[in-house]
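no FASTA, just this:
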């Protein structure tokens, strides 16, 4: 009996369980069927002896088709574009995520682009995640992203999304968003060397849901990196360690930023996607209370289709 108890404690620890009573959330994940872990083909550079590869949320993409036992490629749509499963495919041992020009109507808008996404079926709370990615040739226009986020419906079902003061309702860790063409009054449109590794969360404050994002809470959430390379030219490895006390970002094994982990203690899905950006999206004067909408006068077939390429994604948990 003592052996069984010890084994259960070990399993819960490896799944990222922690006590966060000060945040009024519970992070014990529901039972999931996790494949046996093993060492990766090319171990991470960040204390590799401390980690075990979790194969349920890792993929070498070396088969002829997407492994739909691990990944979802047709989630509910959001934003001023649509997700289509045929925009994610594997070829020559590489995952391709494509965005193409295709006029259509959805969610009350005339839209012009369809794109691809992969989201893991399983989740991770704490660990080290990394992916080897090559950016798209089109710039500006779309942003290749490797990120993690929680799903409200799941959290509700697990009893993990509370309504009390200080409760965390949503967690997102953007390991990398590249080629975003961010605009500032001082510098204009940023170049392809600017890479973002940001955090997002929703917290109950003063009885209401409050989004905490890079624009309003830069010290808490924003990490902007200026690289000495163009991410369109070659593959680079983008990683993040999500620990109970801090979140640390890496590119090619070198630390690029660090934030205190105040809120990011919920199970999150590993995600690879290609989202529409400037000049095809606006956050100004959108109808029906939407936070962003298409820019019809900027829609063009030039530069599309365009594809991000992913050699592999590997996610590790502490031994």
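Done, it's in. Quick caveat, the model's predicted, so the values are computed rather than measured. Residues are numbered from 1 along each chain as shown.

ranges for the helices of the stretch 1-150 of the chain?
With DSSP state H, counting those that start in this stretch as the criterion, the stretch 1-150 of the chain has helices at 2-14.

what bits of it have low per-residue confidence?
Along the stretch 1-150 of the chain, the parts satisfying pLDDT under 70 run over 1-42.

now the strands for it?
Here the stretch 1-150 of the chain has its strands, by DSSP state E, counting those that start in this stretch, at 19-20, 25-26, 51-53, 71-72, 82-83, 88-91, 94-106, 109-115, 117-124, 127-134, 142-149.

right, so those strands: which one is the most enclosed?
Counting by mean count of other C-beta atoms under 10 Å, strand 142-149 has the highest mean neighbour count of these, with a mean of 25. Heads up, the C-betas are built off the backbone N, CA and C, glycines and all.

who does that one pair up with?
strand 168-178 (antiparallel), strand 268-276 (antiparallel) (DSSP bridges).

among the strands of the stretch 1-150 of the chain, which comes closest to residue 267?
Between residue 267 and the strands of the stretch 1-150 of the chain, the tightest spacing by C-beta to C-beta is seen for strand 117-124, at 3.7 Å.

stretch 268-287 - what's its average pLDDT?
Averaged across stretch 268-287, pLDDT comes to 95.

if we can go back for a sec, which one of the strands paired with strand 142-149 lies closest to residue 118?
Closest to residue 118 of the strands paired with strand 142-149 is strand 268-276 (C-beta to C-beta; 4.8 Å).

can you name the residues bridging to residue 131?
Residue 131 has these beta-bridge partners by DSSP bridges: residue 238, residue 313.

can the strands of the stretch 1-150 of the chain go into JSON lines with extra columns for distance to residue 278?
Listed next are those as JSON lines, based on distance: least, C-beta to C-beta, whole Å:
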{"stretch": "strand 19-20", "distance to residue 278": "37"}
{"stretch": "strand 25-26", "distance to residue 278": "35"}
{"stretch": "strand 51-53", "distance to residue 278": "37"}
{"stretch": "strand 71-72", "distance to residue 278": "28"}
{"stretch": "strand 82-83", "distance to residue 278": "19"}
{"stretch": "strand 88-91", "distance to residue 278": "23"}
{"stretch": "strand 94-106", "distance to residue 278": "14"}
{"stretch": "strand 109-115", "distance to residue 278": "13"}
{"stretch": "strand 117-124", "distance to residue 278": "20"}
{"stretch": "strand 127-134", "distance to residue 278": "20"}
{"stretch": "strand 142-149", "distance to residue 278": "9"}
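
just the strands in the stretch 151-300 of the chain please.
Using DSSP E, counting those that start in this stretch, strands in the stretch 151-300 of the chain cover 168-178, 183-184, 188-189, 194-196, 199-205, 208-212, 224-226, 236-242, 246-251, 254-260, 268-276, 281-282, 293-294.
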